[in-house]
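Asker: Fold the following.
(2 chains)
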Amino acid sequence: MRNPLIAAIAALALAPLAGCGDKAPDRDKAGTGSAKVSSGTLAAEIGSAAGMSTVATALKGTGLAGIFDGSAPYTLLAPDDDAFGALGETGAMLKAPENGAAMAEVLKSHILPGYVTVADIDGAIKRAEGKPVKMTTMDGAELSFARNGEDLTVTAADGSTAKVDGKELAASNGVAIPVDAVLKKVPSAG
Amino acid sequence: MRILLSTVAAIAIAATAAQADPGGGKGGGEGKGGGKEHASHAQGGGAGGGKEVRGNSGKTEVGGQRHAQAHEQRGHGNDKVREARGNGGHGNAEVKADRGHGNAKVREARGKDRDDVVRIRDDRDVRVVRDDRGRFDWDDFVPDRSRGLIAGCPPGLAKKNTGCLPPGQFKKASGLAFADRPDWWDFDDDRWFDGMSWDGRYRYMDGYLVRYDDDGIDGWLPLLGGALAPGNVWPSFYQPVGLPSYYQDYYGLGPMGGYRYYDDALYRVDPQTMAITSIAGLLTGDPFAVGQPLPLGYDVYNVPYSFRDRYVDGPDAYYRYSDGYVYQVDPTTQLIQAAIQLLT
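Answerer: Model (predicted):
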């Protein structure tokens, strides 16, 4: 459920933060757009989002959806369905219920503490004078964000890379930012 | 992940000043682990690596000093200490005093989790930790016996000819070859501060990571989303912990007995059946402490949505969130000035 009033308040609240005093980045130029803030939970938002059915199913199957239902904020860099599809047979095995722990481990590497929007990331990059910025993940590693022209790229510690490829889902307790690849290496079964 | 908090550096840093919660925890102490040789050696003992600590203006002496101290204290571990941002020189002296006790079966906070929380901004109706009397280290709340592999075989697997593995099952394991490597799960020398070795052969199966030899499985770990998923029974091996009330409230854990903390995750359990009912939260376990440098990996503003009107980055302070707290940071020194609780 989207609440226009909350969205308006959010827009007012978020705009000055993006650059920590700097001018807010041009979100349209970023290619990700500005999302309205839902009054619902992030778990609900992901559950109904187009192109995120794999992640939604995985979150439910592993139980990780529970963390997106609580008051503690998290940000999920959500690989879209195509990202898992690109993994081929390995991706299919990863989605199997009996491999839920492996999927959970993959997802943990995509979860950031707190409430992070694309504008926040752009603001940090801007403060860093265009240099990449880092955020820790819930698996203890760090993700590096960089702006390459229109693309906002994410690089994991193991070298996996992805690009933000859609509008973020902003909920009351977190954000989901679609990415086009899985940010943890899952080599083909050998 | 740095389970159970990343280790020596975390210990060193965390022990020096007010942590995320002023609760104070009982020390980790020596782990106990019975069972086979391989598995038992995994319990207790030494240090592991920590994160690098970023030095302000290129100064890394603080991190190095902390690490050196902790390293000496714990004996073994690796050298990865987080480089500390900001200048430092704060509070190394308390590291030793804060460790090494606490084999109590059920750990509880020391009951001082409110003593050093001072309400200094009534207009905001928040609680701010602003001194270093209290300290909270997630690491201290890890049950002693859960710091490494559990000896024996996972629950539910019959003990037959091949150790505890049912005949034939071993060959049809996951098929996810990468999942058979401890390092893929971040179980490496950094993961457990015990500094255990991860040598051996491993297999991912049925939601566990198991270690095996020619005689069968000799150790195991339950995994988030696998054995540790809603509907499964909580492994009795892992003892309950008593977290400070703030965390119980913030993560909606309810009273002690109805939740478990393990490997930087919080679980709700049915106290009667011990079935896991939900995963309540994931934790960074990062070592935030008032007076200490902001840990690495917090370059981006991440304050919860409902607090963004209160805690806005500016020239005098900026704010970062981790594990239930918003931390106020001095932009110049990069030192944490205050830890702000988000419940009123």
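Asker: Check which helix or strand the most centrally placed residue in chain A maps to.
Answerer: Centroid check for chain A by CA atoms, centre = their mean gives A:Leu77 as the closest residue, at 2.1 Å. Using DSSP states H and E, A:Leu77 maps to strand A:74-79.
Asker: Show the secondary-structure elements that that strand is packed against.
Answerer: helix A:42-47, helix A:53-62, strand A:111-113, strand A:174-179 (3 or more CB pairs under 8 Å, 6 or more residues apart in numbering or on different chains; DSSP states H and E). Placement of C-beta: from N, CA and C, glycine included.
Asker: Of these, which is nearest chain B?
Answerer: Proximity to chain B (CB to the nearest CB) singles out helix A:53-62 among the helices and strands packed on strand A:74-79, at 3.4 Å.
Asker: hmm, stretch A:138-150 in reach of chain B?
Answerer: Yes. Judged by CB under 8 Å from any CB of the partner chain, stretch A:138-150 comes into contact with chain B at A:138-142, A:145.
Asker: Flag every buried residue along that stretch.
Answerer: A:138-147 (16 or more other CB atoms under 10 Å in any protein chain shown).
Asker: thinking again about what came up before, can you lay out the residues of stretch A:138-150 next to chain B as JSON lines showing pLDDT and secondary structure?
Answerer: Formatted as JSON lines, those follow (pLDDT from 0 to 100; DSSP: H, G, I helix; E, B strand; the rest coil):
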{"residue": "A:Met138", "pLDDT": "95", "secondary structure": "coil"}
{"residue": "A:Asp139", "pLDDT": "91", "secondary structure": "coil"}
{"residue": "A:Gly140", "pLDDT": "89", "secondary structure": "coil"}
{"residue": "A:Ala141", "pLDDT": "92", "secondary structure": "coil"}
{"residue": "A:Glu142", "pLDDT": "95", "secondary structure": "strand"}
{"residue": "A:Phe145", "pLDDT": "98", "secondary structure": "strand"}
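Asker: Tabulate those (TSV), appending distance to B:Phe237.
Answerer: Listed next are the residues of stretch A:138-150 next to chain B as TSV, based on distance: CB to CB, whole Å:
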residue	distance to B:Phe237
A:Met138	24
A:Asp139	23
A:Gly140	23
A:Ala141	27
A:Glu142	32
A:Phe145	39
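Asker: where are the low-confidence patches of chain A?
Answerer: For chain A, the stretches flagged by pLDDT under 70 are A:1-35, A:189-190.
Asker: where along it do the helices fall?
Answerer: Assigned by DSSP state H, the helices in chain A fall at A:4-14, A:27-30, A:42-47, A:53-62, A:81-85, A:88-95, A:100-108, A:118-127.
Asker: For chain B, which of these is the nearest?
Answerer: helix A:100-108 (2.6 Å).
Asker: quick one on the thing from earlier: spit out the contact partners of the residue nearest to the centre of chain A.
Answerer: Contacts for A:Leu77 (CB atoms under 8 Å, 6 or more residues apart in numbering or on different chains) come out as A:110-112, A:143, A:154, A:162, A:176-177, A:179, A:183.
Asker: how does it look with 10 Å?
Answerer: By CB atoms under 10 Å, 6 or more residues apart in numbering or on different chains, the contact set of A:Leu77 is A:55, A:107, A:109-112, A:116, A:135, A:137, A:143, A:145, A:154, A:156, A:162, A:164, A:168, A:175-179, A:181-183.
Asker: And the strands in the stretch 151-300 of chain B, which stretches?
Answerer: Per DSSP state E, counting those that start in this stretch, the stretch 151-300 of chain B carries strands over the ranges B:201-205, B:208-213, B:216-222, B:259-262, B:265-269, B:276-282.
Asker: Out of the ones you listed, which gets nearest to chain A?
Answerer: Of all the strands of the stretch 151-300 of chain B, strand B:276-282 sits nearest to chain A, with 4.1 Å by CB to the nearest CB.
Asker: Partner strands of that closest one and their direction?
Answerer: Strand pairing for strand B:276-282, using DSSP bridges, gives strand B:265-269 (antiparallel).
Asker: what angle do the strand it pairs with and helix A:100-108 make?
Answerer: Between strand B:265-269 and helix A:100-108, the angle comes out at 130 degrees (axes from the mean of the first three to the mean of the last three CA atoms, to 10 degrees).
Asker: got the end-to-end distance for stretch A:130-138?
Answerer: By CA to CA, to the nearest Å, the extent of stretch A:130-138 from end to end equals 25 Å.
Asker: and it, how far from the chain's centre?
Answerer: Centroid separation between stretch A:130-138 and its chain, computed with CA atoms, centre = their mean, to the nearest Å, is 13 Å.
Asker: In that stretch, which residues are buried?
Answerer: A:132-138.
Asker: Ok, stretch A:176-190 next?
Answerer: Buried residues in stretch A:176-190, defined by neighbour count with 16+ other CB under 10 Å: A:176-184, A:186.
Asker: just to revisit the earlier point, let me have the buried residues of stretch A:130-138 in TSV, extended by distance to B:Arg310.
Answerer: Shown next, in TSV, are the buried residues of stretch A:130-138 (distance: CB to CB, whole Å):
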residue	distance to B:Arg310
A:Pro132	29
A:Val133	23
A:Lys134	25
A:Met135	22
A:Thr136	23
A:Thr137	26
A:Met138	25
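Asker: Please flag which of those residues sit within strands.
Answerer: Among the buried residues of stretch A:130-138, the ones falling in strands (DSSP state E) are A:133-136.
Asker: in the sheet, who's paired with the residue nearest to B:Val326 when sequence neighbours are not counted?
Answerer: Spatial nearest neighbour of B:Val326, excluding adjacent residues (CB to CB, 6 or more residues apart in numbering or on different chains): B:Ile340 at 4.4 Å. Beta-bridge pairing for B:Ile340 (DSSP bridges): B:Val128, B:Val326.
Asker: Does B:Ile340 touch B:Ser322 like I think?
Answerer: No. The pair B:Ile340 and B:Ser322 does not pass the contact test of CB atoms under 10 Å, sitting 11.3 Å apart.
Asker: Give the burial count for the closest residue in space to B:Arg181 that isn't next to it in sequence, as a bare number.
Answerer: Excluding its sequence neighbours, the residue lying closest to B:Arg181 (CB to CB, 6+ apart) is B:Tyr202, at 6.7 Å. A count of nearby residues for B:Tyr202, using other CB atoms under 10 Å in any protein chain shown, gives 24.
Asker: coming back round to it: among the ones in strands among the buried residues of stretch A:130-138, which are in reach of chain B?
Answerer: A:133-136 (CB under 10 Å from any CB of the partner chain).
Asker: any idea how far B:Gly254 is from chain A?
Answerer: From B:Gly254 across to chain A, the span is 12 Å (CB to the nearest CB, to the nearest Å).
Asker: got the contact list for that residue?
Answerer: Contact partners of B:Gly254, counting by CB under 10 Å, 6+ apart, are B:248, B:268-269, B:271, B:280.
Asker: so which of the residues you listed would you say is closest to B:Trp184?
Answerer: B:Ala280 (25.3 Å; CB to CB).
Asker: per-residue confidence for the closest one?
Answerer: On pLDDT, B:Ala280 comes in at 97.
Asker: do you know how far it is from A:Gly174?
Answerer: In this view, B:Ala280 and A:Gly174 are 14 Å apart by CB to CB, to the nearest Å.
Asker: Then A:Gly85?
Answerer: As judged by CB to CB, A:Gly85 and A:Gly174 stand 25 Å apart.
Asker: For chain B, which residues score under the pLDDT cut-off?
Answerer: By pLDDT under 70, the low-scoring segments of chain B are B:1-147, B:156-163, B:165-175, B:189-196, B:344.
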